[in-house]
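Enquirer: can you look at this prediction? I've put the sequence above it.
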Amino acid sequence: MTSVAAIKEVDDRPYTRLYPREGLPMSTRRLSVWNEMITVEPGGQPQPRFAFIGHETPAG
């Protein structure tokens, strides 16, 4: 096993964070949050909150 995430609700989705934070490197989000569109800048275009950026294999 390489990673662990605590899933608290049926509609939670695990993901790996790309920023440092204390604890495990994985978090969960509700599916409704995972799929929502956000606007980052005032007047900007809506975009998905989360986007697939590719798979990385850890070195070693």
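Expert: Happy to help now that I have it.

Enquirer: quick one: the strands in the protein?
Expert: Secondary structure of the chain (DSSP state E): strands at 12-16, 26-30, 37-38, 47-48.

Enquirer: for the first one, buried residues please.
Expert: Along strand 12-16, these residues count as buried under the neighbour rule (16 or more other CB atoms under 10 Å): 12-13. Bear in mind the C-beta positions are built from the backbone N, C-alpha and C, glycine included.

Enquirer: thought Q45 was touching M37, still the case?
Expert: No: the pair M37 / Q45 is not scored as a contact, 9.4 Å apart, by CB atoms under 8 Å.

Enquirer: name the nearest residue to the spatially most central residue of the chain, sequence neighbours excluded.
Expert: What sits nearest the mean C-alpha location of the chain, by CA atoms, centre = their mean, is Y15, with 4.3 Å. Excluding the flanking residues, the one nearest Y15 by CB to CB, 6 or more residues apart in numbering is S27, at 6.2 Å.

Enquirer: near that neighbour, how many other residues are there?
Expert: 15 (other CB atoms under 10 Å).

Enquirer: what pLDDT is listed against it?
Expert: The model reports S27 with a pLDDT of 79.

Enquirer: how near is it to L18?
Expert: 11 Å (CB to CB, to the nearest Å).

Enquirer: re the thing from before, compare the strands of the chain and give me the one nearest G54.
Expert: Proximity to G54 (CB to CB) singles out strand 12-16 among the strands of the chain, at 11.7 Å.
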